[in-house]
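S.K.: Could you work out the structure for the sequence below:
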Amino acid sequence: MSAVLTVSQLNRYVAFKLKEDKNLHGKLIRGEISNFTNHAKSGHFYFTLKDSESSVKAVMFRDMASRLPFMPKSGMKVIVSADVRVYERDGVYQLYVTDMQPDGAGALYLALEQLKEKLSREGVFDESRKKSLPAMPKKIGIITSTDAAALQDMLNILSRRYPLAEVTIFPAAVQGETAPQSICRAVGYADKRGMDLLICGRGGGSFEDLSAFNTEAVARCIQGCGTPVISAVGHETDFTVADMAADLRAPTPSAAAELAAPDIAFLYGRLNAVEKALTDGFLNRLEEKYRQLENAERRIKALDPKERVLRLKEKFVQAEKHLTAVYTVKLRECAGLLAEKAAVLDGLSPLKTLSRGYSLVYKGEKLVSSAVELSVGDRVDIRLSDGAVSAVID
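M.R.: Below you'll find the model as predicted:
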């Protein structure tokens, strides 16, 4: 008796079988788009691909959808390159679209899609193989027709934008049966000339006009070039295998010239800004060191014995001036007080009394204060205000 499967197990088994079936990988399917949805948040495309009898669900994830040169819409007839898988949750199969082109190109378009699929499988378009472009290339090579109007546009932009670069033109046919071989020869020759960067391309044209850049030979020689290559083919909506194989795709030749080199005016601006920053930094550092030097000089002077002697001498002079000033003030205060006390004493002095007509009588050394102290015949000295006389008591 066979095992009982869950729905999940059944869907997972069918999904595994479809994934293992190589005949369901990279299939080219023609149909009409309906119920198209461009999911705003995820960037994925969801739609139904149908013909007159059947329809199938399809999804194109953001990484693939962002590379389309056009925006799909309902009612558009297209040819898609897709893998057939099962969406396990709902148990339905759907197309996982990796590329899409409007239907109408016929056999040429189908051949181109088959070439893209082949080169993609071999890793020719892998991002990991792409080389970085130099920031300021010294030598730039341009591979295109010398008669192309786009050439003059690129030369004008490069001479204006970055005149420091040496630009070399490597002529090549860009249209016709011999164009692929001519482009490959020019790429190989330029790669040996020591260029820092190559621009390979031409101006716009029809699908047939651009066919040289949709060849396997051109794609492989660009991808195998040791020098970084910018592909600039046609207008912004044109997308060739040369663009996919190159290290960088430019929407137009003029845009390629813009991407190839920096704007010298911008570089001068950056240089001036850096120069100003260095100058300001140097001046600030110099001022800081000058202040440190001044502080060091002050510390050295503070430790110098001569300076200390001079400072002590200055302090001594200041102290002497202060003491002299204090002494003078005190002397004046004392003189004033002395004069005041002298006036008081002068008012109490006996001499002051004598000057008013009084006199002092001395008997010997003793001042006579009463008449009873004298006897007839005593000899006395009488002191007056302006002198002294002797007398005998009668």
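S.K.: Isn't A212 up against P180?
M.R.: Yes: checked against C-beta atoms under 8 Å, the pair A212 and P180 is within contact range at 5.1 Å. Just so you know, the C-beta spots here come from the backbone N, C-alpha and C atoms, and that holds for glycine as well.
S.K.: Those two: which has the busier surroundings?
M.R.: Shown here are A212 and P180; by other C-beta atoms under 10 Å, A212 has more neighbours (26 against 23).
S.K.: From the contact counts, what lies against the longest helix anywhere in the chain?
M.R.: Ranked by number of residues, the top helix in the chain under DSSP state H is helix 305-348. Judged by 3 or more C-beta pairs under 8 Å, 6 or more residues apart in numbering; DSSP states H and E, helix 305-348 is in contact with no other helix or strand.
S.K.: State the mean pLDDT of it.
M.R.: What helix 305-348 shows for mean pLDDT is 82.
S.K.: May I have the beta-bridge partners of V86?
M.R.: Beta-bridge pairing for V86 (DSSP bridges): Y93.
S.K.: what number of residues lie near it?
M.R.: Neighbour count for V86, taken as other C-beta under 10 Å: 19.
S.K.: Over to N23?
M.R.: That count, for N23 with other C-beta under 10 Å as the rule, works out to 8.
S.K.: what does D153 give?
M.R.: D153 has 16 neighbours, counted by other C-beta under 10 Å.
S.K.: Contact partners for the nearest residue to it once chain neighbours are set aside?
M.R.: Excluding the flanking residues, the one nearest D153 by C-beta to C-beta, 6 or more residues apart in numbering is S254, at 4.9 Å. For S254, the contacting residues are A150, D153, M154, I157, by C-beta atoms under 8 Å, 6 or more residues apart in numbering.
S.K.: same question, R202
M.R.: By C-beta under 8 Å, 6+ apart, the contact list for R202 reads T144, S145, A148, A150, V174, Q175, L210, F213, A232, V233, G234, P253.
S.K.: Quick check: phi and psi on it?
M.R.: phi -160, psi 170 (degrees, to the nearest 10).
S.K.: Please enumerate the helices of the stretch 1-150 of the chain.
M.R.: Using DSSP state H, counting those that start in this stretch, the helices found in the stretch 1-150 of the chain span residues 7-20, 62-65, 107-121, 149-161.
S.K.: Rebuild the ones you listed as a markdown table, extending it with distance to G194 and mean pLDDT.
M.R.: Shown next, in a markdown table, are these (distance: least, C-beta to C-beta, whole Å; pLDDT from 0 to 100):
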| stretch | distance to G194 | mean pLDDT |
| --- | --- | --- |
| helix 7-20 | 48 | 78 |
| helix 62-65 | 36 | 91 |
| helix 107-121 | 28 | 79 |
| helix 149-161 | 18 | 91 |
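S.K.: Just send these back as a markdown table, with distance to F47 too.
M.R.: Output for these, formatted as a markdown table (distance: least, C-beta to C-beta, whole Å):
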| stretch | distance to F47 |
| --- | --- |
| helix 7-20 | 20 |
| helix 62-65 | 11 |
| helix 107-121 | 19 |
| helix 149-161 | 36 |
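S.K.: For S370, find the nearest of those helices.
M.R.: Across those, S370 has its closest neighbour in helix 149-161 (137.9 Å, C-beta to C-beta).
S.K.: List the buried residues for the closest one?
M.R.: For helix 149-161, the neighbour count (16 or more other C-beta atoms under 10 Å) marks A150, L151, D153, M154, I157, L158, R161 as buried.
S.K.: so which of these comes closest to R291?
M.R.: Nearest to R291 out of the buried residues of helix 149-161 is R161 (C-beta to C-beta; 45.9 Å).
S.K.: nearest spatial neighbour of the closest one, skipping sequence neighbours?
M.R.: If the residues on either side of it in the chain are set aside, R161 comes closest to D263, at 5.3 Å by C-beta to C-beta, 6+ apart.
S.K.: Residues contacting stretch 188-195, please?
M.R.: The contact list for stretch 188-195 (C-beta under 8 Å, 6+ apart) reads P137, K139, I140, G141, I143, T168, F170, L198, C221, C225, G226, T227.
S.K.: Grab the two from the residues you listed that are most spread out in space.
M.R.: Pairwise distances across the contacts of stretch 188-195 peak at 20.3 Å for P137 and C221 (criterion: C-beta to C-beta).
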